[in-house]
Each structure stands twice: as C-alpha cells, then as structure tokens.
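S.K.: make a model of this:
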Amino acid sequence: MEIEKKDIRSLTKEQLRVFFVANGDKAFRGNQVYEWLWSKASHNFEDMTNVSKETRLMLENNFVINHIEVDTMQRSEDGTVKNAVRLHDGLIVESVLIPTETRTTACVSSQVGCSLDCNFCATARLKRMRNLEPGEIYDQVVAIDRESRLYYNRPLSNIVFMGMGEPLMNYNNVIKAINMITSNEGLGMSPKRITVSTSGVSKMIKKMADDDVKFKLAVSLHSAIEETRNHIMPFTKNFQLPELKEALQYWYQKTKSKITYEYVVWKGINDDKASIEALVKFCKYVPCKVNLIEYNPIDDGEFQQTSDEAIDNYIKALAKNDIVAKVRRSRGKDIDAACGQLANKS
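M.R.: Down below sits the predicted model:
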C-alpha cells in the first residue's frame with residue numbers, strides 16, 4: 001500500500017534542516033529548500049535548480065507540495081479579477097483582486113464553505129468542507145500578487161480575509177499564513193496592510209489581542225440591535241452584543257488598533273431610524289470606523305439592497321457623532337466578484 005506523502009510546507013525550516021542531516025546531507029540544504037517553498041513560492045521540486053537531481057528525487061519520494069491552481073479567472077469591466085481556485089483535493093474556493101488608482105487588494109478565503117449560517121450569505125449555503133492549510137492561503141496571495149503585477153504593473157498592497165469562511169474558526173492556520181506573508185522569508189508584507197474580518201467570534205478576538213497580532217481587525221456587524229443581528233446571522237445568538245462589545249474593548253485596550261465595522265444595509269431590515277441610532281451608540285464603545293456596504297443580492301428573497309436615502313441617513317448620523325464612515329460600492333458586478341460577496345459577509 002502506498003504511504004501518503006506529507007506536505008513539505010507543513011515542516012518548519014528547522015525540521016527541514018533535521019531531515020537533510022538525517023538523510024546524510026548538510027543542514028543548509030533545508031534553508032535552500034525552505035526559500036524555494038516560501039520566498040520563491042515554488043510548486044515543483046524540479047524548479048529547485050540549486051539542489052542536485054538526486055536531492056530533488058529524494059524530496060519527490062518523501063513529500064508533496066499541496067499547492068493551489070487558478071482554475072478559472074474572470075476580469076470585470078471595472079478591473080476586478082475573480083479567481084476560482086482549485087485545491088489539491090479538487091475542492092474550489094474563490095479569491096478576488098480589487099484594484100483602485102492607488103492600491104490593489106487581495107480578498108482571500110480561509111475555509112472551503114463556511115461554519116456559520118448567515119442568512120444573506122452565498123457561502124453559508126455551502127457546508128464547511130474543511131479549513132484551508134497555511135500554504136493554500138499563502139498561495140492565493142501569491143497568485144493575486146502576480147496578477148497585480150501583470151495587469152496593473154504594481155505589487156499587491158493590501159490583503160483582506162473576507163472571502164469564503166470565518167477566519168477565526170481556522171485561527172491557527174490563518175495566523176501561520178499571515179506569519180509567512182509578513183516574514184522576510186516569505187512575502188515581506190507589512191501586517192498593517194492585512195485585515196482579518198470576523199463575524200464576531202468574541203473569544204477568538206480576545207485571543208488575537210493576547211497573541212499581540214499586528215494586523216487590523218474588521219467585524220461584520222450589520223446590526224447593533226440583538227434581535228435583528230440574530231435574524232441576519234443566527235449563530236450570533238452564541239456571540240451576543242454585550243460579549244462582543246467586551247471583546248472589542250479588550251482588543252483596543254491591548255492593541256490600540258481601531259476597529260472597522262463592516263455593515264450592509266438592507267431594505268426593510270436595518271434601514272430604519274432605530275437601527276441607525278443603535279449603530280451610533282455601539283460605535284461609541286471603541287474607536288472605530290464604519291464601512292457601509294452596497295449589497296449585491298444573491299436571489300430575489302428577503303435580503304435586498306436599500307435606497308440611497310437610507311445610506312445617506314446612516315452617513316449623516318455617523319458624521320454628526322464624529323464617526324468616520326465610507327460607502328463601499330459593490331465591485332465586479334458583471335462577474336459577481338465583489339469582495340466579501342463571495343460570502344456576502346464583508
């Protein structure tokens with residue numbers, strides 16, 4: 001029976017060094033292979049040209065590189081690029097490149113499907129198949145960086161974890177991926193250019209604060225009225241607003257990093273005066289800013305885009321209370337690729 005080979009990217013650099021010594025080679029060979037795997041993002045042992053053919057064959061016999069492939073790529077009229085990403089086991093996730101005049105942002109997935117049950121969300125209709133491995137998250141960023149250089153002649157500038165899945169339900173792998181993305185042995189990106197978006201897993205927000213992470217935090221809030229929020233995202237009955245408020249205050253106390261609230265406004269659900277007043281009050285608990293998001297309907301059901309007037313009412317109320325708010329228009333409508341609309345949860 002054939003033994004299943006281990007994914008070589010699950011090994012640390014030190015473990016690679018030990019492997020080579022145990023197999024009669026020099027420890028520095030592990031450094032060389034590690035550089036190929038991460039800094040050069042190689043997906044094939046044959047690419048490792050400063051390593052002998054015998055060594056490459058030994059790696060081939062002992063390991064695999066469970067890398068992604070961009071299965072299909074679509075480009076929108078507005079420049080947005082959507083990737084359907086095929087994983088080594090045939091499962092598919094999505095990632096998106098969102099360009100502006102000054103930067104390009106990668107929107108990446110952290111799970112195949114999603115653990116949660118947001119009623120407005122396309123991905124929530126898919127059951128969670130599995131968590132993505134650190135290398136699979138890393139590969140999405142590498143692919144989008146290459147597309148950014150190809151189509152926009154500049155490197156990727158920002159990353160948002162707002163694609164498929166709840167990042168904090170795959171915490172360890174997301175953190176490992178971010179550590180490699182920000183490492184000088186990986187992509188060397190600043191953690192300040194990375195935002196992890198959560199639907200409000202309070203316990204894990206506190207853990208991030210305790211772990212002294214340097215990236216930014218966004219919270220998919222969508223309502224500061226408990227009953228409304230529970231209707232929009234039923235799982236939040238387990239992460240209620242007082243608990244979320246406490247976790248966010250803990251986050252800010254530890255990190256001194258402002259929080260971004262991602263907030264979709266729907267017709268007849270959260271576009272009334274009471275909803276606006278509740279959001280204003282919630283925003284006063286912790287220094288924050290608000291992204292009001294134009295909804296991209298996934299069907300003709302209950303969740304539909306609200307009026308411009310309702311959005312304006314939010315902006316006026318937030319501005320009156322010195323809360324920074326921006327309206328984020330849906331991108332890539334012709335290819336259904338607005339970031340977060342993968343899961344309609346940004």
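
S.K.: buried ones in the helix or strand where residue 316 lies, by neighbour count?
M.R.: Assessed by DSSP states H and E, residue 316 sits inside helix 308-320. Buried residues in helix 308-320, counted by 16 or more other Cβ atoms under 10 Å: 310, 311, 313, 314, 315, 317, 318. (C-beta placed from N, C-alpha, C; glycine too.)

S.K.: which other helices and strands contact it?
M.R.: Under the contact criterion of 3 or more Cβ pairs under 8 Å, 6 or more residues apart in numbering; DSSP states H and E, helix 308-320 touches helix 273-283, strand 288-293, strand 324-328.

S.K.: re earlier: rebuild the buried residues of helix 308-320 as a markdown table, extending it with pLDDT.
M.R.: Shown next, in a markdown table, are the buried residues of helix 308-320 (pLDDT from 0 to 100):
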| residue | pLDDT |
| --- | --- |
| 310 | 93 |
| 311 | 93 |
| 313 | 95 |
| 314 | 96 |
| 315 | 96 |
| 317 | 97 |
| 318 | 97 |
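
S.K.: how many neighbours does residue 226 have?
M.R.: Residues near residue 226, counting by other Cβ atoms under 10 Å, number 14.

S.K.: can you check the one 5 residues further on too?
M.R.: Using other Cβ under 10 Å, residue 231 is surrounded by 16 other residues.

S.K.: I'd guess it is in a helix, am I close?
M.R.: Yes. Using DSSP: H, G, I helix; E, B strand; the rest coil, the assignment for residue 231 is a helix.

S.K.: so who does the most centrally placed residue in the chain touch?
M.R.: By Cα atoms, centre = their mean, the chain has its centre lying nearest to residue 161, at 1.3 Å. Going by Cβ atoms under 8 Å, 6 or more residues apart in numbering, residue 161 touches 108, 110, 167, 174, 194, 195, 196, 197.

S.K.: what's the biggest helix in the chain, counting residues?
M.R.: What stands out as the longest helix in the chain, according to DSSP state H, is helix 134-152.

S.K.: beyond that one, next helix or strand please.
M.R.: Per DSSP H and E, the helix or strand that comes after helix 134-152 is strand 158-161.

S.K.: restricting to C-alpha, output that next one in CSV.
M.R.: Taking C-alpha atoms only, strand 158-161 is exported to CSV below (Å, rounded to 0.1, in the frame of the first residue of the first chain):
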residue,chain,number,x,y,z
ASN,A,158,-3.3,45.0,0.8
ILE,A,159,-4.9,41.8,1.9
VAL,A,160,-8.4,41.2,3.4
PHE,A,161,-9.6,37.9,4.9
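
S.K.: centre of the chain to that strand, how far?
M.R.: Taking the mean of its C-alpha atoms, strand 158-161 sits 6 Å from the chain's own mean (Cα atoms, centre = their mean, to the nearest Å).

S.K.: buried sites along the helix or strand following it?
M.R.: Where DSSP H and E defines the elements, the next helix or strand beyond strand 158-161 is helix 171-182. Neighbour-count burial for helix 171-182 flags 171, 173, 174, 175, 176, 177, 178, 180, 181, 182 (criterion: 16+ other Cβ under 10 Å).

S.K.: just stretch 206-215 next, same as before
M.R.: 206, 208, 209, 213, 215.

S.K.: make TSV from those and add pLDDT to it.
M.R.: TSV is the format used below for the buried residues of stretch 206-215 (pLDDT from 0 to 100):
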residue	pLDDT
206	98
208	98
209	98
213	97
215	98
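
S.K.: among the residues you listed, which one sits closest to residue 19?
M.R.: residue 213 (30.1 Å; Cβ to Cβ).

S.K.: show me what contacts the closest one?
M.R.: 175, 178, 191, 255.

S.K.: and which of the buried residues of helix 171-182 is nearest residue 81?
M.R.: Nearest member of those to residue 81, counting by Cβ to Cβ, is residue 181, at 18.9 Å.

S.K.: which one of the buried residues of stretch 206-215 is nearest residue 187?
M.R.: When these are ranked by distance to residue 187 (Cβ to Cβ), residue 215 comes first, at 13.6 Å.
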